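Asker: Turn this into a model:
(2 chains)
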Amino acid sequence: MDLTRPTFYITTPIYYPNDFLHIGHSYTTVAADALARYKRMRGFDVMYLTGTDEHGLKIQQRAEQAGQDVHEFLDGIIAWIKDLWAKLDISYDDFIRTTEERHTRVVEALFERLIDQGDIYLSDYEGWYCTPCESFWSERELVDGKCPDCGREVQFVREESYFFRMSKYVDRLLAFYDAHPDFIQPESRKNEMINNFIKPGLKDLCVSRTSFDWGIHVRRDPKHVVYVWLDALTNYITAIGYGSDDPQMQAKFERYWPADVHFVGKEIVRFHVIYWPIILMALGLPLPKKVYGHGFLMMRDGKMSKSKGNVIDPKLLIARYGSDAIRYFLLREIPFGQDGVFTPESLVQRLNYDLANDLGNLVHRSAAMMHRFVGGAVPASSAFGPLERDLAALCEQTVAEVEQHMDDMQFSLALGSIWSLIGRANKYIDEAAPWALNKAGERERLQTVMYTIAEAIRYASVLVAPFLPRTAEQIWAQYSVEPEQTTWESLRRFGTGAAGRAVAQRDPLFPRLDVEAELEALGALANKGRAPSSGTTAAEPNQPGPSQSAPVAAAKPAAQNATGLTPSGGPPEVGGKPRIGIDVFDQVELRVGQVELAERVPGADKLLRLMVNLGAETRQIVSGIAQHFQPEALVGQKVIVVTNLKPVKLRGVESNGMILAASHEGTLKLATVPPEMPNGAIVK
RNA sequence: GGCGGCGUAGCUCAGUUGGUCAGAGCACACGGUUCAUACCCGUGGCGUCAGUGGUUCGAAUCCACUCGCCGCCA
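Answerer: Next comes the predicted model:
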């Protein structure tokens, strides 16, 4: 650690490793990573912490199911998680596991201290327990006296428990909110916290259990296991040396605490802005500066679940597209703080438009011109003209914008600013037209233009580095950018980049993807991975009260009607349309076809993609009949196809025709012809 | 049921304290260009800014109510 630099301590939730992580967890961790990398570039001594919350009944049971010792089970998952973070280029400085001695010993000690102080007291926990759900419910939460989740019988349980006297600190907590209006982000969460939990009277928190064994035992009363939050939240201080005997670790704690920001999913905001500050008050420690509750990453067709077949293993995505592409999508597509929806279409579009077309092509076309026009190296510039000054101003302005957005933790906006610059650079090339200068033999002007392009690319590469670390490195290597020209400070003045640097011609940074092929592949990717089916956060799912929702939650099933191609029924009712002459009808070409391939269009619940053999050709047709037919059942079927319809795109898939079907009161049957009719035969 | 929020172009959304605020990106149409990954650049249409009433010289922007949607809690 460098004592001369200001510190920046950032954390993710510690994830619950009862299963493999999914792309929702990756989202939090990638966001924290981008901020950590940015702060490092800005000269901060960054401490970026992530880790795992390894205690609790669920873990115990999962290990038993797997026939493994708990430690063995955990080590396997933790190795998988660390491998995921490595694949995503997560630059964490420490990874804490709550089963580590540096954590358990301190939690034991502070539990004792809090009892001695009177902040923790022994009492009885009473509630209703649903055995299958492993959930506790209060009297009011029950629905008709039954479990509100599953509707089954619940049992009244009374269990001796330790409680944390939260109520004692409420006034101080409210005063803290007042003094630190930015503590809770986004701000809308603050009202929810105050109105729902504090105003009605903050209840004391149950902090121990006797019903399971896998956890940190209370020293003076070992039948009790420290329950969830006191164990999980304190990772933020134990990891950096709180309560350590080692003077070096103590110094580390003094240096980094309080944390600058805790990134958390919105479902655990409450624990981080109410219980955690109060625990810290009880320990006499300063409070973190900010808690940022970000939104969920959702799937279009609902919550990720194996039964729905929409779970995507982040490692498979990374393997297919690269970590930078996934990082870019997550940070650009979803405004931090809001929910976002992951769809194969949006992923492929972001990668094609933003990465391949804009950034990738800028870097690629510029390198080609360096070779064609100026000998493969960045030339020296002479005086800038208006075009150059304009671009230079935007470059410098973009730096300021990105800094502002990063201060606000608005990653999508920061990337938006950077991409405006990239767009402007592409436009500059068109305006300055180096190829025309080359033809006209205007060497000096050509060199200035090529220098300016290289400098703009250097700006883009440095700005993009916190988000797309690999891409930045690749650009620097390709354009031979010296390390001192890749620093944030090197962006203060446009035109300080060195001339004479060799430029290599490389393959494009990002391949242009074939949309259809990718949608198909992404559909196939779903559910293939060993992705989890339940949420994992710093919360354990079996605590009293409503069970925790997963960071990946259900998107509202949007009303998605296929436009343009309705389930190929006839008119809404007989006589519902005006009469036409044979000449009008004759404009419609109908032919016999045979379905060769049928599959669902990923993300669309009504659409099937069909390949239909029409004799002379095989056509792709998208039809809104998925709710009536299993794809397999259609293969081989003879159908009647409208062959002269204009092509349309449905869910991004081109449909080149329409098949006929009859519908009546919710049922739908294909219009067909006997199998002996050859494909391509005219129907009239 | 309580508290809070939202409803702006086909889609996703920006729009500080009311007066070039009717915008951006994607999609769509047309045109240009050729250095480049059929890429890039330009131009264009589209919106009664959910509805109704009110305050005001003037409201997407303030107030009231209605409808619809969402979040947290119960």
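Asker: what does the domain assignment say about chain A?
Answerer: Partitioning chain A according to automatic domain parsing yields domains covering residues A:7-299, A:341-491, A:582-683.
Asker: now those in CSV, with mean pLDDT?
Answerer: What follows is the domains of chain A, written out as CSV (pLDDT from 0 to 100):
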stretch, mean pLDDT
domain A:7-299, 91
domain A:341-491, 94
domain A:582-683, 72
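Asker: so which of the ones you listed gets nearest A:A319?
Answerer: Evaluated over those, closeness to A:A319 peaks at domain A:7-299, with 8.1 Å, by Cβ to Cβ. Heads up, the C-betas are built off the backbone N, CA and C, glycines and all.
Asker: Determine how far the last residue of that closest one lies from the first.
Answerer: From its first residue to its last, domain A:7-299 covers 37 Å (Cα to Cα, to the nearest Å).
Asker: what about it and RNA strand B, touching?
Answerer: Yes. Using Cβ under 7 Å from any atom of the strand, domain A:7-299 reaches RNA strand B at A:R140, A:E141, A:S188, A:N191, A:E192, A:N195, A:N196, A:F197, A:P200, A:K266, A:E267, A:R270.
Asker: Give me the neighbour count for A:I475.
Answerer: Here the neighbour count serves as a burial measure; for A:I475 (other Cβ atoms under 10 Å) it reads 25.
Asker: sorry, back to before: farthest-separated two in the residues of domain A:7-299 next to RNA strand B?
Answerer: Looking at the residues of domain A:7-299 next to RNA strand B by Cβ to Cβ, the two members farthest from one another are A:R140 and A:S188, with 25.4 Å of separation.
Asker: Determine how far the last residue of stretch A:288-297 lies from the first.
Answerer: Start and end residues of stretch A:288-297 are separated by 25 Å (Cα to Cα).
Asker: ok, the nearest residue to A:M658 once chain neighbours are set aside to A:R591 distance?
Answerer: Leaving aside its chain neighbours, A:M658 sits nearest to A:V642 (4.3 Å; criterion: Cβ to Cβ, 6 or more residues apart in numbering). Counting by Cβ to Cβ, to the nearest Å, the gap between A:V642 and A:R591 amounts to 9 Å.
Asker: Which residue of these two possesses the greater neighbour count?
Answerer: Neighbours were tallied for A:V642 and for A:R591 using other Cβ under 10 Å; the higher tally belongs to A:R591 (23 against 16).
Asker: What strands line up against the helix or strand hosting that one, and which way round?
Answerer: When elements are defined using DSSP states H and E, A:R591 is found to belong to strand A:590-600. The pairing partners recorded for strand A:590-600 under DSSP bridges are strand A:608-613 (antiparallel), strand A:638-642 (antiparallel), strand A:682-683 (antiparallel).
Asker: Quick one: buried ones out of the residues of domain A:7-299 next to RNA strand B?
Answerer: For the residues of domain A:7-299 next to RNA strand B, burial is judged from neighbour counts taken by 16 or more other Cβ atoms under 10 Å, and it is met by A:E141, A:F197, A:K266, A:E267, A:R270.
Asker: List just the one of the domains of chain A that sits closest to A:P511.
Answerer: Between A:P511 and the domains of chain A, the shortest gap by Cβ to Cβ is with domain A:341-491, which sits at 6.6 Å.
Asker: How far does that closest one sit from its chain's centre?
Answerer: 26 Å (Cα atoms, centre = their mean, to the nearest Å).
Asker: For A:G43, grab phi and psi.
Answerer: Dihedral angles phi and psi of A:G43 (degrees, to the nearest 10) take the values phi 100, psi 10.
Asker: what's the closest non-adjacent residue to it?
Answerer: A:R5 (5.8 Å).
Asker: ditto for A:R493
Answerer: A:E396 (7.3 Å).
Asker: Near A:Y353, how many residues? Count them for me, please.
Answerer: Neighbour count for A:Y353, taken as other Cβ under 10 Å: 12.
Asker: Name all residues that make contact with A:D260.
Answerer: Neighbouring residues of A:D260 by Cβ atoms under 8 Å, 6 or more residues apart in numbering: A:T7, A:F8, A:Y9, A:I10, A:P288, A:K289, A:K290.
Asker: for the nearest residue to A:S655 once chain neighbours are set aside, helix, strand, or coil?
Answerer: Ranked by Cβ to Cβ, 6+ apart and with sequence neighbours excluded, the top spatial neighbour of A:S655 is A:V622, at 3.7 Å. The three-state label given to A:V622 by DSSP: H, G, I helix; E, B strand; the rest coil is strand.
Asker: go on, A:M406?
Answerer: Each residue gets one of three states, and A:M406 gets helix by three-state DSSP.
Asker: burial of it, as a residue count?
Answerer: As a burial measure, the neighbour count of A:M406 was computed by other Cβ under 10 Å and equals 19.
Asker: In this structure the residue nearest to A:R493 contacts A:S490, no?
Answerer: No. The criterion here is Cβ atoms under 8 Å, and A:E396 misses it with A:S490 at 12.0 Å.
Asker: burial measure for the residue of the stretch 301-450 of chain A found nearest RNA strand B, as a count.
Answerer: Residue nearest to RNA strand B within the stretch 301-450 of chain A (Cβ to the nearest atom of the strand): A:G360, separated by 1.8 Å. Each residue near A:G360 was counted by other Cβ under 10 Å, and the total is 21.
Asker: from memory it sits against A:L513, does it?
Answerer: No. No contact is recorded between A:G360 and A:L513 when judged using Cβ under 8 Å, the distance being 11.4 Å.
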